[in-house]
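S.K.: sequence and predicted structure below; questions after.
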Amino acid sequence: MYISILGRQPALGIAELERLYGDVTWFSDESAIINTPRLDFERLGGSQKAGRIVAELPRGDWTAASRKLVSAYAQAWREREGKITLGISSYGFNANPREVQKTGIILKGRLKEVGVSLRLIPNSDTALSTATSHHNKLGLSDNKVELLVVRNKNGKIIIAESVGAQNITAYAKRDQERPKRDAFVGMLPPKLAQTILNLANPAAGARVLDPFCGTGVVLQEASLQGFKVYGTDLSDKMVDYTTKNLDWLAATHHLTIDSIVEQGDAMNHRWSDAIGAVACEGYLGQPFSAPPSPAKLAEVRKNCNYIMGEFLRNIASQLASGTPLCVAVPAWKAADGSFTHLPLVSQLESLGYTPVPLSTVRSSELLYYRDDQVVARELLVITKN
(Lines give C-alpha, C1' and ligand atoms only; values in the text may rest on other atoms or scores of the structure.)
Protein backbone atom coordinates (compact mmCIF):
# COMPACT_ATOMS: atom_id res chain seq x y z
CA MET A 1 0.00 0.00 0.00
CA TYR A 2 1.23 3.48 -0.89
CA ILE A 3 0.58 7.09 -0.08
CA SER A 4 0.87 9.86 -2.64
CA ILE A 5 1.66 13.50 -1.96
CA LEU A 6 -0.57 15.11 -4.55
CA GLY A 7 0.37 17.99 -6.80
CA ARG A 8 -0.70 21.62 -6.86
CA GLN A 9 -4.23 20.66 -7.90
CA PRO A 10 -4.96 17.58 -5.78
CA ALA A 11 -8.25 16.69 -7.51
CA LEU A 12 -6.40 15.98 -10.76
CA GLY A 13 -3.78 13.90 -8.96
CA ILE A 14 -6.24 11.69 -7.13
CA ALA A 15 -8.44 11.26 -10.21
CA GLU A 16 -5.38 10.11 -12.15
CA LEU A 17 -4.56 7.59 -9.42
CA GLU A 18 -8.14 6.32 -9.33
CA ARG A 19 -8.20 5.77 -13.10
CA LEU A 20 -4.94 3.81 -12.97
CA TYR A 21 -5.30 1.87 -9.72
CA GLY A 22 -8.99 1.90 -8.82
CA ASP A 23 -8.81 1.48 -5.04
CA VAL A 24 -7.77 5.00 -4.03
CA THR A 25 -8.99 7.14 -1.12
CA TRP A 26 -8.26 10.57 0.29
CA PHE A 27 -6.07 10.55 3.40
CA SER A 28 -5.71 14.30 3.82
CA ASP A 29 -6.32 17.37 1.68
CA GLU A 30 -2.92 16.85 0.05
CA SER A 31 -2.49 13.08 0.07
CA ALA A 32 -4.13 9.86 -1.07
CA ILE A 33 -3.80 6.18 -0.19
CA ILE A 34 -3.39 3.74 -3.08
CA ASN A 35 -4.20 0.10 -2.38
CA THR A 36 -1.89 -1.59 -4.85
CA PRO A 37 1.04 -4.00 -4.53
CA ARG A 38 3.10 -1.98 -7.04
CA LEU A 39 3.15 1.70 -7.94
CA ASP A 40 4.73 2.98 -11.16
CA PHE A 41 5.58 6.45 -9.88
CA GLU A 42 7.45 7.60 -13.00
CA ARG A 43 4.19 7.32 -14.92
CA LEU A 44 2.33 9.84 -12.75
CA GLY A 45 1.92 13.51 -13.66
CA GLY A 46 -0.26 14.64 -10.76
CA SER A 47 1.72 13.41 -7.75
CA GLN A 48 4.77 15.16 -6.28
CA LYS A 49 6.02 12.18 -4.29
CA ALA A 50 4.85 8.75 -3.23
CA GLY A 51 5.93 6.24 -0.64
CA ARG A 52 5.37 2.69 0.53
CA ILE A 53 3.51 2.75 3.84
CA VAL A 54 5.59 1.18 6.60
CA ALA A 55 3.86 2.32 9.81
CA GLU A 56 0.65 3.91 11.07
CA LEU A 57 -0.36 5.59 14.32
CA PRO A 58 -4.07 5.88 15.12
CA ARG A 59 -3.59 9.35 16.54
CA GLY A 60 -0.79 11.69 17.57
CA ASP A 61 1.28 14.82 17.10
CA TRP A 62 4.82 15.35 15.80
CA THR A 63 6.32 14.21 19.11
CA ALA A 64 4.55 10.85 18.81
CA ALA A 65 5.54 10.48 15.15
CA SER A 66 9.15 11.41 15.94
CA ARG A 67 9.41 8.83 18.72
CA LYS A 68 7.99 6.12 16.48
CA LEU A 69 10.31 7.03 13.62
CA VAL A 70 13.48 7.17 15.72
CA SER A 71 12.69 3.93 17.55
CA ALA A 72 11.86 1.99 14.37
CA TYR A 73 14.79 3.14 12.25
CA ALA A 74 17.41 3.06 15.00
CA GLN A 75 16.60 -0.65 15.18
CA ALA A 76 16.08 -1.29 11.44
CA TRP A 77 19.31 0.40 10.37
CA ARG A 78 21.62 -0.65 13.19
CA GLU A 79 23.46 -3.10 10.90
CA ARG A 80 23.11 -1.15 7.65
CA GLU A 81 26.26 -1.07 5.56
CA GLY A 82 27.36 2.06 3.74
CA LYS A 83 26.42 5.66 4.41
CA ILE A 84 22.72 6.46 4.60
CA THR A 85 21.36 9.69 3.14
CA LEU A 86 18.12 10.65 4.85
CA GLY A 87 15.50 13.30 4.28
CA ILE A 88 12.39 13.74 6.40
CA SER A 89 9.24 15.46 5.13
CA SER A 90 6.25 16.15 7.33
CA TYR A 91 2.75 17.03 6.16
CA GLY A 92 -0.24 18.13 8.21
CA PHE A 93 1.58 18.65 11.52
CA ASN A 94 1.77 21.74 13.68
CA ALA A 95 5.55 21.51 13.67
CA ASN A 96 8.33 23.75 12.42
CA PRO A 97 11.37 22.80 10.32
CA ARG A 98 13.66 22.77 13.36
CA GLU A 99 11.50 20.13 15.06
CA VAL A 100 11.54 17.96 11.94
CA GLN A 101 15.31 18.38 11.65
CA LYS A 102 15.75 17.54 15.32
CA THR A 103 14.12 14.15 14.73
CA GLY A 104 16.75 13.39 12.11
CA ILE A 105 19.55 14.57 14.37
CA ILE A 106 18.38 12.29 17.19
CA LEU A 107 18.23 9.32 14.82
CA LYS A 108 21.67 10.18 13.45
CA GLY A 109 23.07 10.17 16.98
CA ARG A 110 21.49 6.83 17.82
CA LEU A 111 22.95 5.24 14.71
CA LYS A 112 26.36 6.77 15.29
CA GLU A 113 26.49 4.92 18.61
CA VAL A 114 26.40 1.60 16.73
CA GLY A 115 28.80 2.68 13.99
CA VAL A 116 26.28 3.53 11.25
CA SER A 117 26.92 6.73 9.28
CA LEU A 118 23.98 8.95 8.28
CA ARG A 119 23.94 12.15 6.22
CA LEU A 120 20.87 14.24 7.01
CA ILE A 121 19.34 16.51 4.36
CA PRO A 122 18.67 19.89 6.05
CA ASN A 123 15.07 21.07 6.31
CA SER A 124 14.45 24.67 5.28
CA ASP A 125 10.74 23.79 5.41
CA THR A 126 8.79 21.03 7.09
CA ALA A 127 8.76 19.09 3.81
CA LEU A 128 11.63 18.78 1.37
CA SER A 129 10.90 20.27 -2.04
CA THR A 130 10.54 17.86 -4.94
CA ALA A 131 13.70 19.41 -6.40
CA THR A 132 15.68 18.61 -3.23
CA SER A 133 14.32 15.07 -3.11
CA HIS A 134 15.05 14.50 -6.79
CA HIS A 135 18.56 15.98 -6.82
CA ASN A 136 19.53 13.88 -3.81
CA LYS A 137 18.02 10.78 -5.50
CA LEU A 138 15.96 10.04 -2.41
CA GLY A 139 13.84 6.93 -2.65
CA LEU A 140 15.79 5.52 -5.57
CA SER A 141 18.11 3.17 -3.65
CA ASP A 142 18.23 1.43 -0.28
CA ASN A 143 20.67 3.95 1.24
CA LYS A 144 19.00 7.11 -0.07
CA VAL A 145 15.81 7.43 1.91
CA GLU A 146 13.08 10.00 2.32
CA LEU A 147 10.53 9.40 5.05
CA LEU A 148 7.13 10.90 4.36
CA VAL A 149 5.27 11.52 7.61
CA VAL A 150 1.66 12.52 6.98
CA ARG A 151 -1.07 13.44 9.47
CA ASN A 152 -4.72 13.91 8.57
CA LYS A 153 -7.30 16.14 10.26
CA ASN A 154 -8.37 13.32 12.58
CA GLY A 155 -4.84 12.96 13.90
CA LYS A 156 -4.02 9.65 12.19
CA ILE A 157 -0.38 9.38 11.12
CA ILE A 158 1.19 7.46 8.27
CA ILE A 159 4.94 6.93 7.85
CA ALA A 160 6.07 5.93 4.37
CA GLU A 161 9.38 5.34 2.62
CA SER A 162 9.54 7.35 -0.59
CA VAL A 163 9.75 5.60 -3.94
CA GLY A 164 10.73 8.84 -5.67
CA ALA A 165 9.83 12.44 -6.41
CA GLN A 166 8.83 14.08 -9.69
CA ASN A 167 11.76 13.87 -12.07
CA ILE A 168 12.07 17.55 -12.89
CA THR A 169 15.26 16.97 -14.85
CA ALA A 170 13.57 14.54 -17.24
CA TYR A 171 10.54 16.81 -17.60
CA ALA A 172 12.77 19.76 -18.45
CA LYS A 173 14.71 17.72 -21.00
CA ARG A 174 11.56 16.50 -22.76
CA ASP A 175 10.10 19.98 -22.76
CA GLN A 176 13.06 22.22 -23.49
CA GLU A 177 15.51 20.08 -25.47
CA ARG A 178 13.15 18.72 -28.12
CA PRO A 179 14.00 20.33 -31.44
CA LYS A 180 10.63 21.90 -32.22
CA ARG A 181 8.68 24.14 -29.83
CA ASP A 182 6.08 26.80 -30.58
CA ALA A 183 4.85 29.23 -27.93
CA PHE A 184 2.12 30.47 -30.27
CA VAL A 185 0.17 27.21 -30.09
CA GLY A 186 0.60 27.01 -26.31
CA MET A 187 2.97 24.99 -24.18
CA LEU A 188 1.44 21.82 -22.77
CA PRO A 189 3.55 20.75 -19.76
CA PRO A 190 4.73 17.12 -20.04
CA LYS A 191 3.34 16.26 -16.61
CA LEU A 192 -0.11 17.54 -17.62
CA ALA A 193 0.17 15.46 -20.80
CA GLN A 194 0.92 12.46 -18.57
CA THR A 195 -2.15 13.20 -16.48
CA ILE A 196 -4.39 13.55 -19.56
CA LEU A 197 -3.06 10.25 -20.90
CA ASN A 198 -3.54 8.49 -17.57
CA LEU A 199 -7.08 9.83 -17.17
CA ALA A 200 -7.88 8.29 -20.55
CA ASN A 201 -6.19 5.10 -19.27
CA PRO A 202 -5.65 3.28 -22.57
CA ALA A 203 -5.41 -0.49 -22.64
CA ALA A 204 -1.92 -1.93 -22.98
CA GLY A 205 -0.74 -1.82 -26.58
CA ALA A 206 -3.50 0.56 -27.70
CA ARG A 207 -3.06 3.22 -30.34
CA VAL A 208 -3.53 6.62 -28.69
CA LEU A 209 -4.89 9.43 -30.83
CA ASP A 210 -4.21 13.13 -30.35
CA PRO A 211 -6.28 14.93 -33.03
CA PHE A 212 -4.91 18.35 -31.98
CA CYS A 213 -1.33 17.14 -31.70
CA GLY A 214 0.49 20.49 -31.94
CA THR A 215 4.16 19.82 -31.25
CA GLY A 216 3.44 16.27 -30.07
CA VAL A 217 3.71 16.48 -26.29
CA VAL A 218 0.90 14.00 -25.56
CA LEU A 219 2.26 11.63 -28.20
CA GLN A 220 5.72 11.83 -26.65
CA GLU A 221 4.37 10.84 -23.24
CA ALA A 222 2.28 8.04 -24.76
CA SER A 223 5.33 6.72 -26.63
CA LEU A 224 7.34 6.66 -23.41
CA GLN A 225 4.62 4.48 -21.88
CA GLY A 226 4.84 2.05 -24.77
CA PHE A 227 1.67 2.97 -26.64
CA LYS A 228 1.31 3.23 -30.39
CA VAL A 229 0.52 6.82 -31.34
CA TYR A 230 -1.53 8.68 -33.93
CA GLY A 231 -1.34 12.43 -34.33
CA THR A 232 -3.22 14.78 -36.59
CA ASP A 233 -3.32 18.55 -36.76
CA LEU A 234 -4.88 21.17 -39.00
CA SER A 235 -1.45 22.76 -39.49
CA ASP A 236 1.16 21.15 -41.74
CA LYS A 237 3.76 22.96 -39.66
CA MET A 238 2.59 21.18 -36.50
CA VAL A 239 2.60 17.83 -38.29
CA ASP A 240 6.22 18.47 -39.21
CA TYR A 241 7.06 19.57 -35.65
CA THR A 242 5.45 16.48 -34.14
CA THR A 243 7.28 14.18 -36.56
CA LYS A 244 10.64 15.75 -35.74
CA ASN A 245 9.98 15.68 -32.00
CA LEU A 246 9.01 12.00 -32.08
CA ASP A 247 12.15 11.23 -34.09
CA TRP A 248 14.19 13.10 -31.46
CA LEU A 249 12.49 11.18 -28.63
CA ALA A 250 13.16 7.86 -30.32
CA ALA A 251 16.84 8.73 -30.79
CA THR A 252 17.50 10.18 -27.33
CA HIS A 253 15.47 7.61 -25.37
CA HIS A 254 16.36 4.59 -27.53
CA LEU A 255 12.74 3.85 -28.43
CA THR A 256 11.04 2.26 -31.38
CA ILE A 257 7.90 4.34 -31.84
CA ASP A 258 4.93 3.04 -33.82
CA SER A 259 3.50 6.33 -35.06
CA ILE A 260 1.15 7.79 -37.64
CA VAL A 261 1.28 11.57 -38.07
CA GLU A 262 -0.74 13.33 -40.74
CA GLN A 263 -2.52 16.58 -41.55
CA GLY A 264 -6.20 16.63 -40.73
CA ASP A 265 -9.03 18.84 -39.51
CA ALA A 266 -10.42 17.23 -36.34
CA MET A 267 -13.92 18.37 -37.31
CA ASN A 268 -14.09 16.20 -40.42
CA HIS A 269 -11.01 13.96 -40.64
CA ARG A 270 -11.33 10.22 -41.18
CA TRP A 271 -8.66 8.40 -39.18
CA SER A 272 -7.24 5.40 -40.98
CA ASP A 273 -6.35 3.09 -38.10
CA ALA A 274 -8.30 1.68 -35.15
CA ILE A 275 -8.19 4.07 -32.21
CA GLY A 276 -7.75 2.59 -28.74
CA ALA A 277 -8.00 5.85 -26.80
CA VAL A 278 -8.11 9.59 -27.33
CA ALA A 279 -5.94 11.90 -25.20
CA CYS A 280 -5.64 15.51 -26.23
CA GLU A 281 -5.71 19.18 -25.46
CA GLY A 282 -8.36 20.58 -27.77
CA TYR A 283 -8.84 24.07 -29.12
CA LEU A 284 -8.62 26.52 -26.20
CA GLY A 285 -9.31 29.76 -28.09
CA GLN A 286 -7.33 32.92 -27.64
CA PRO A 287 -5.36 33.57 -24.46
CA PHE A 288 -6.35 36.36 -22.11
CA SER A 289 -4.23 38.24 -19.58
CA ALA A 290 -7.37 39.51 -17.82
CA PRO A 291 -11.01 38.36 -17.79
CA PRO A 292 -12.60 39.39 -21.11
CA SER A 293 -15.75 41.45 -21.49
CA PRO A 294 -19.01 39.45 -21.46
CA ALA A 295 -19.43 40.02 -25.19
CA LYS A 296 -15.90 38.83 -25.99
CA LEU A 297 -16.23 35.83 -23.73
CA ALA A 298 -19.52 34.87 -25.39
CA GLU A 299 -17.88 35.10 -28.82
CA VAL A 300 -14.85 32.99 -27.90
CA ARG A 301 -16.95 30.47 -25.98
CA LYS A 302 -19.29 30.00 -28.95
CA ASN A 303 -16.38 29.42 -31.32
CA CYS A 304 -14.61 26.95 -29.02
CA ASN A 305 -17.86 25.09 -28.36
CA TYR A 306 -18.50 24.77 -32.10
CA ILE A 307 -15.03 23.40 -32.88
CA MET A 308 -14.92 20.96 -29.99
CA GLY A 309 -18.52 19.90 -30.48
CA GLU A 310 -17.96 19.19 -34.18
CA PHE A 311 -14.83 17.21 -33.31
CA LEU A 312 -16.70 15.06 -30.80
CA ARG A 313 -19.52 14.44 -33.27
CA ASN A 314 -17.07 13.57 -36.03
CA ILE A 315 -14.99 11.12 -34.07
CA ALA A 316 -17.95 9.45 -32.33
CA SER A 317 -18.80 7.46 -35.47
CA GLN A 318 -15.18 6.28 -35.71
CA LEU A 319 -14.79 4.95 -32.19
CA ALA A 320 -15.81 1.57 -30.85
CA SER A 321 -18.21 1.52 -27.93
CA GLY A 322 -16.32 1.83 -24.65
CA THR A 323 -13.33 3.70 -26.12
CA PRO A 324 -11.90 5.98 -23.41
CA LEU A 325 -11.17 9.67 -24.00
CA CYS A 326 -9.65 12.49 -21.98
CA VAL A 327 -10.16 15.78 -23.78
CA ALA A 328 -8.99 19.12 -22.40
CA VAL A 329 -11.38 21.94 -23.27
CA PRO A 330 -11.32 25.59 -22.17
CA ALA A 331 -13.03 27.08 -19.13
CA TRP A 332 -12.70 30.76 -18.28
CA LYS A 333 -11.98 32.01 -14.78
CA ALA A 334 -13.69 35.21 -13.65
CA ALA A 335 -12.26 37.73 -11.19
CA ASP A 336 -14.31 36.13 -8.38
CA GLY A 337 -12.77 32.72 -9.06
CA SER A 338 -15.85 31.20 -10.71
CA PHE A 339 -15.62 29.44 -14.08
CA THR A 340 -17.56 29.68 -17.32
CA HIS A 341 -17.74 26.31 -19.07
CA LEU A 342 -18.44 25.22 -22.60
CA PRO A 343 -22.13 24.34 -23.16
CA LEU A 344 -21.12 20.92 -24.50
CA VAL A 345 -19.85 19.91 -21.05
CA SER A 346 -23.48 19.38 -20.00
CA GLN A 347 -24.45 17.84 -23.35
CA LEU A 348 -22.01 14.94 -23.59
CA GLU A 349 -24.71 12.26 -23.59
CA SER A 350 -26.36 13.80 -26.65
CA LEU A 351 -22.99 13.78 -28.40
CA GLY A 352 -22.60 10.05 -27.83
CA TYR A 353 -20.46 9.92 -24.68
CA THR A 354 -20.77 9.01 -21.03
CA PRO A 355 -18.74 10.73 -18.29
CA VAL A 356 -16.58 8.26 -16.37
CA PRO A 357 -17.82 8.12 -12.76
CA LEU A 358 -15.12 8.85 -10.18
CA SER A 359 -15.54 8.17 -6.47
CA THR A 360 -12.85 10.57 -5.26
CA VAL A 361 -13.79 13.81 -7.08
CA ARG A 362 -16.58 15.44 -9.03
CA SER A 363 -16.08 15.87 -12.77
CA SER A 364 -16.39 19.64 -12.33
CA GLU A 365 -13.22 19.62 -10.19
CA LEU A 366 -11.00 18.41 -13.03
CA LEU A 367 -9.59 21.83 -13.86
CA TYR A 368 -5.95 22.67 -14.52
CA TYR A 369 -4.91 26.30 -14.16
CA ARG A 370 -2.49 28.64 -12.48
CA ASP A 371 -3.63 31.48 -10.26
CA ASP A 372 -2.69 34.08 -12.87
CA GLN A 373 -4.45 32.32 -15.75
CA VAL A 374 -7.83 33.22 -17.19
CA VAL A 375 -8.13 30.24 -19.52
CA ALA A 376 -8.17 26.95 -17.64
CA ARG A 377 -8.10 23.45 -19.07
CA GLU A 378 -11.16 21.42 -18.10
CA LEU A 379 -10.46 17.70 -18.46
CA LEU A 380 -13.40 15.68 -19.78
CA VAL A 381 -12.99 12.02 -18.87
CA ILE A 382 -15.52 10.14 -20.98
CA THR A 383 -16.19 6.93 -22.88
CA LYS A 384 -17.89 6.39 -26.22
CA ASN A 385 -21.41 5.01 -25.81
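M.R.: Received it, and whenever you're ready, just let me know what you need. Numbering: from 1, shown residues only.

S.K.: thought Y230 was touching T242, still the case?
M.R.: No. In this structure, T242 is not within contact of Y230 by CB atoms under 8 Å, at 10.7 Å. (Glycine included, C-beta is placed from N, CA and C.)

S.K.: so how far is the helix or strand harbouring M238 off the chain centroid?
M.R.: Under the criterion of DSSP states H and E, M238 resides in helix 236-253. Offset of helix 236-253 from its chain centre (CA atoms, centre = their mean, to the nearest Å): 23 Å.

S.K.: what residues sit buried inside it?
M.R.: 238-239, 241-246, 248-249 (16 or more other CB atoms under 10 Å).

S.K.: any common contacting residues for T242 and Y230?
M.R.: V261 (CB atoms under 8 Å, 6 or more residues apart in numbering).

S.K.: about what we covered before: quick one: mean pLDDT for the helix holding M238?
M.R.: What helix 236-253 shows for mean pLDDT is 97.

S.K.: do the same with stretch 149-156
M.R.: On average, stretch 149-156 scores 98.

S.K.: what's the first-to-last distance across it?
M.R.: End-to-end span of stretch 149-156 (CA to CA, to the nearest Å): 11 Å.

S.K.: check stretch 26-42 too.
M.R.: End residues of stretch 26-42 are separated by 21 Å (CA to CA).

S.K.: tell me which of the buried residues of helix 236-253 is nearest to K137?
M.R.: K137 lies nearest to L249 out of those, by CB to CB, at 23.8 Å.

S.K.: so the nearest residue to that closest one once chain neighbours are set aside: helix, strand or coil?
M.R.: Among residues not flanking L249 along the chain, Q220 sits closest, at 5.2 Å (CB to CB, 6 or more residues apart in numbering). Taking DSSP: H, G, I helix; E, B strand; the rest coil as the rule, one finds Q220 in the helix state.

S.K.: surely Q220 touches D247?
M.R.: No. Look at Q220 against D247 with CB under 8 Å: they stay out of range, at 11.0 Å.

S.K.: helices or strands up against the helix or strand hosting L86?
M.R.: For L86, the host element (DSSP H and E) is strand 84-91. Packing partners of strand 84-91 (3 or more CB pairs under 8 Å, 6 or more residues apart in numbering; DSSP states H and E): helix 62-76, helix 97-113, strand 118-120, helix 130-135, strand 144-151.

S.K.: partner strands of the next helix or strand after the last one, with direction?
M.R.: If I follow you right, that is strand 144-151. Remark: after strand 144-151, the chain's next helix or strand is strand 157-165, criterion DSSP H and E. Strand 157-165 has these partner strands in its sheet, going by DSSP bridges: strand 47-57 (antiparallel), strand 144-151 (antiparallel).

S.K.: kindly calculate the angle that strand 157-165 makes with helix 62-76.
M.R.: Going by axes from the mean of the first three to the mean of the last three CA atoms, to 10 degrees, strand 157-165 is angled at 60 degrees with respect to helix 62-76.

S.K.: how close does the closest residue to A204 other than its chain neighbours sit to L199?
M.R.: Distances taken as CB to CB, 6+ apart place G226 nearest to A204, at 7.6 Å, with adjacent residues excluded. From G226 across to L199, the span is 18 Å (CB to CB, to the nearest Å).
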